[in-house]
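Peer 1: Could you look at this predicted model? Sequence included:
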Amino acid sequence: MKRYLLPAALFLLATLSPAMAANVKIGLMAPLTGAYASEGEDMEKLVRLLVEEKNKAGGINGAAVELVVEDDGSTPRDAGNAANRLTAKGVPVVIGTYGSAITEASQEIYAEAGIVQIATGSTSIRLTAKGFARFFRTCPRDDEQGRVAAETIARLGYKKIAILHDNSVYAKGLAEESRDRILKDGIAEIIFYDALQPNERDYSAILTKLKGINPEAILFTGYYTEAGLLLRQMAEMKWFAPMIGGDATNNVGLVEIAGPAAKGYRFISPALPEDIDTPQAKAFLAAYKAKYRSMPSSIWPVLAGDAFNVLAAAIEARGTDPEAIAAYLHRDLKDFDGLSGKISFDEKGDRVGDLYRLYEVDARGKFVLVP
Amino acid sequence: MQEFLQQLTNGLAVGGIYALIALGYTMVYGVLKLINFAHGELFALGAYLGFTLLVTLGLSDFMGGVGVVFLLLIFAMGLVAIAGYFLERVAYRPLRQSNRLAAVVSALGASIFFQNAMMLVYGTKALVYPGGILPSVVVSVLGVEIPLIRILIFASSVLLMCLLFWFIHHTRTGAAVRAVSLDQGAARLMGINVNRIISLIFLIGPALGAAAGVMVGLLYGQIRYDMGVGYGLKAFTAAILGGIGNIPGAMAGGILLGVIEALGAAYISIAWKDAIAFFTLILILIFRPTGLLGERVADKV
């Protein structure tokens, strides 16, 4: 009789286990390699820490959270593969990703699989204009940023502006939005509008040309690497025109590349985590610092963390059915206290609220809020 | 006119860097008829080794100025030359008798290996050379303002190229290199150790690439593990432009490509800079299929 005991026990266990709480799977699609690899690395670190904390506190409704990470390679092509892998692994929800063009390549795949997707750094307008019912984003939209950029230029009183972008979906969108606003409201004259080639190091040809045109200020809508190189090479030429950037330049890497030339550089961006005055944000950043001995290098990993926070809240309230989660995020989640401020979504899945602030780099290379 | 000259000097500094990298492609092609796809990564490795000496080993704390630059160049060039030597021994020599495609695939594999190794060792974030190694001075020549560092970089790349040219054309070993690139079989019959010459090529080419890597680090400050791809493509284009397999051709092609890019950006459109450069390449190849200075018709590629 005894030898039947073990198989019987195993059988019993096997039939019982579906009834026990299974792990809650949450997908994270992030650029772990390629051009935005440094953002992706921090995204993963930050979300992993949140998952750890959640699991230590007992998980979501008693079920442990399992983070499934896939690399989008910073390219639309790899993003499609990553989306397919996450879909195959059966995640109900996905956080990610950073670049707009890359998110765009994955939207269709997630929509077809019925997965809830929360993009974290993809600010391009058209992502939420396609009518995907389960697509959200924790970052603001480029038209909002374009509006703030135009207002900022009006406030600073520049009358002759040069606009430079890098032909990426994001930078071009923001450049167009800002240009249209500036022209419509008659804020300033745009005497130069062109794109540079990202991932190149030498921008002396462009800067020489710009210097000849002599704008009062340059609005650069691309990423921090290029912004840093532009500032450095401007200083090398001994030309110090004020430069204003968009939120993709919110990264300490900018100061590292530009060195002392970064002083006085201004950019608009969602508020930095240090400037969010909620106890949760402060506690979490302290934990992050304790674990990784550094702060998140930009705002974007923080927005990935907020995507996790709202998803955890939705699953806690409604379970893991994507339809229910999407409905909860659309209608029931109001003024959720996130790491980047209050979070609510509108019917299109866009984040609502006034998020943008103006920052300036001070002499020590710190990002300081301009009141 | 002043702006034209200014743009010309902008193009020359970039062109000098392209030319140094292009030499590595062209020398290997001249001797082995192989495109060494890992060459761009060796260039990036040079930039990273320079960073290691400067920051990790703390050289920048002890001294500054031209002496540091000289030490950096020697250090990076030496180590990358060794890497190039082993690359040839491990990835190319065992395949020398096999199908040429096998060697190309091996080259691509080596390129991926080096790139990922650098990513794992140095991380995905861009690293930054400390500032102030060379004084930030602007020199005014005929009303054209040129940062001193650009002059130094262009001068050192020209110097290295002159040394190479002298070596290839005025030494016995240089003559052996030329003989091997003409006909390996005949060179062997004349008593030239072909394997040693090929090893030598894989010491010199990567060393020049490493020098270019250090220069990029000094000039732009910022280096990244995947920088070899972009520069490799441009330098490869420069080698084709000048006539691949031809050493003066690579020098001329590199400098010309840099200048075309700068002038294209200045007078046509910045966003179309690369398109202009590649369009020029196509034009030149239509009228001179072997490149500007290429004489021998490239057989099977």
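Peer 2: Thanks, I have it.

Peer 1: And the strands in the chain, which stretches?
Peer 2: Using chain A. Assigned by DSSP state E, chain A shows strands spanning A:24-30, A:65-71, A:93-95, A:116-119, A:135-137, A:160-165, A:189-195, A:217-220, A:243-245, A:266-270, A:336-338, A:341-343, A:356-361, A:367-370.

Peer 1: that's the wrong chain, I meant chain B
Peer 2: Counting by DSSP E, the strands of chain B are B:127-128, B:138-141, B:144-147, B:222-223.

Peer 1: circling back to that earlier point, for the strands of chain A, give me a markdown table that also has distance to chain B and mean neighbour count.
Peer 2: To be clear about C-beta, it is placed using only N, CA and C from the backbone, and glycine gets the same treatment. A markdown table is the format used below for these (distance: least, CB to the nearest CB, whole Å; neighbours: other CB atoms under 10 Å in any protein chain shown):
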| stretch | distance to chain B | mean neighbour count |
| --- | --- | --- |
| strand A:24-30 | 11 | 27 |
| strand A:65-71 | 11 | 20 |
| strand A:93-95 | 19 | 29 |
| strand A:116-119 | 21 | 30 |
| strand A:135-137 | 24 | 25 |
| strand A:160-165 | 8 | 23 |
| strand A:189-195 | 4 | 17 |
| strand A:217-220 | 13 | 24 |
| strand A:243-245 | 16 | 25 |
| strand A:266-270 | 18 | 23 |
| strand A:336-338 | 26 | 18 |
| strand A:341-343 | 27 | 21 |
| strand A:356-361 | 15 | 19 |
| strand A:367-370 | 17 | 16 |
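
Peer 1: Give me every residue in the stretch 151-300 of chain A lying close to chain B.
Peer 2: When proximity is defined as CB under 8 Å from any CB of the partner chain, the stretch 151-300 of chain A approaches chain B at A:167, A:194-197, A:199-202, A:204-206, A:208-209, A:212, A:225, A:228-229, A:232-233, A:235-238, A:253, A:256-257, A:259-260, A:297.

Peer 1: right, is stretch B:119-128 up against chain A?
Peer 2: Yes - applying CB under 8 Å from any CB, one finds stretch B:119-128 in contact with chain A at B:119, B:123-126, B:128.

Peer 1: just the CA coordinates of that stretch, formatted as PDB?
Peer 2: Extracted as PDB, the C-alpha positions of stretch B:119-128 are listed here (Å, rounded to 0.1, in the frame of the first residue of the first chain):
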ATOM      1  CA  MET B 119      29.500  45.900 -24.400                       C
ATOM      2  CA  LEU B 120      29.900  43.300 -21.600                       C
ATOM      3  CA  VAL B 121      33.200  44.600 -20.300                       C
ATOM      4  CA  TYR B 122      32.600  48.400 -20.600                       C
ATOM      5  CA  GLY B 123      28.800  48.500 -20.400                       C
ATOM      6  CA  THR B 124      26.100  49.900 -22.700                       C
ATOM      7  CA  LYS B 125      26.400  53.500 -21.600                       C
ATOM      8  CA  ALA B 126      28.600  55.900 -23.600                       C
ATOM      9  CA  LEU B 127      31.900  56.500 -21.900                       C
ATOM     10  CA  VAL B 128      33.500  59.900 -21.800                       C
END
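
Peer 1: circling back: could you say which of the strands of chain B is packed most deeply?
Peer 2: For the strands of chain B, the largest average neighbour count (mean count of other CB atoms under 10 Å in any protein chain shown) is found in strand B:222-223, namely a mean of 23.

Peer 1: strand partners of that strand, parallel vs antiparallel please.
Peer 2: The strands that strand B:222-223 pairs with in its sheet are strand B:127-128 (antiparallel) (by DSSP bridges).

Peer 1: Distance from the strand it pairs with to the middle of the chain?
Peer 2: 21 Å (CA atoms, centre = their mean, to the nearest Å).

Peer 1: Could you do stretch A:34-50 as well?
Peer 2: 10 Å.

Peer 1: That stretch near chain B anywhere?
Peer 2: Yes - among the residues of stretch A:34-50, A:34-35, A:37-38, A:40-41 lie within reach of chain B under CB under 8 Å from any CB.

Peer 1: sorry, back to before: now mean pLDDT and distance to B:Ile112 too, for the strands of chain B, in CSV please.
Peer 2: Converted to CSV, these look like this (pLDDT from 0 to 100; distance: least, CB to CB, whole Å):
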stretch, mean pLDDT, distance to B:Ile112
strand B:127-128, 88, 20
strand B:138-141, 83, 41
strand B:144-147, 85, 36
strand B:222-223, 90, 19
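
Peer 1: Just tell me which of the ones you listed ends up closest to A:Lys291.
Peer 2: In terms of CB to CB, the element of those nearest to A:Lys291 is strand B:127-128, at 23.0 Å.

Peer 1: so which of the residues of stretch B:119-128 next to chain A comes closest to A:Pro242?
Peer 2: Closest approach between the residues of stretch B:119-128 next to chain A and A:Pro242, by CB to CB: B:Val128, at 23.0 Å.

Peer 1: got the contact list for the closest one?
Peer 2: Shown in contact with B:Val128 (CB atoms under 8 Å, 6 or more residues apart in numbering or on different chains): A:256-257, A:259, B:221-223.

Peer 1: For it, give its distance to A:Leu229.
Peer 2: 11 Å (CB to CB, to the nearest Å).

Peer 1: who touches both of these two?
Peer 2: A:257, B:221-222.

Peer 1: A:Tyr110 touches A:Val94, doesn't it?
Peer 2: Yes - at 6.0 Å, A:Tyr110 and A:Val94 qualify as touching, with contact defined as CB atoms under 8 Å.

Peer 1: Now list whatever residues contact both of those two.
Peer 2: In contact with both A:Tyr110 and A:Val94: A:83, A:86, A:116-117, using CB under 8 Å, 6+ apart.

Peer 1: Does chain A have contacts with stretch B:35-52?
Peer 2: No - figure legend: stretch B:35-52 not in contact with chain A (CB under 8 Å from any CB); closest approach 10.6 Å.

Peer 1: what about that stretch, average pLDDT?
Peer 2: Average pLDDT, stretch B:35-52: 94.

Peer 1: Which positions within that stretch qualify as buried?
Peer 2: Residues B:35-52 are the ones in stretch B:35-52 that count as buried (16 or more other CB atoms under 10 Å in any protein chain shown).

Peer 1: just how off-centre is it within its chain?
Peer 2: Using CA atoms, centre = their mean, the offset of stretch B:35-52 from its chain centre is 9 Å.

Peer 1: swap in stretch A:85-92?
Peer 2: 22 Å.

Peer 1: Can you name the residues in contact with that stretch?
Peer 2: A:25-27, A:29, A:68, A:70, A:94, A:109-110, A:113, A:115-116, A:320-322, A:325.

Peer 1: Closest one to A:Glu176 out of the shared contacts of A:Tyr110 and A:Val94, please.
Peer 2: Nearest member of the shared contacts of A:Tyr110 and A:Val94 to A:Glu176, counting by CB to CB, is A:Gln117, at 25.1 Å.

Peer 1: Wait, that closest one touches A:Thr138, no?
Peer 2: No - the criterion here is CB under 8 Å, and A:Gln117 misses it with A:Thr138 at 11.4 Å.
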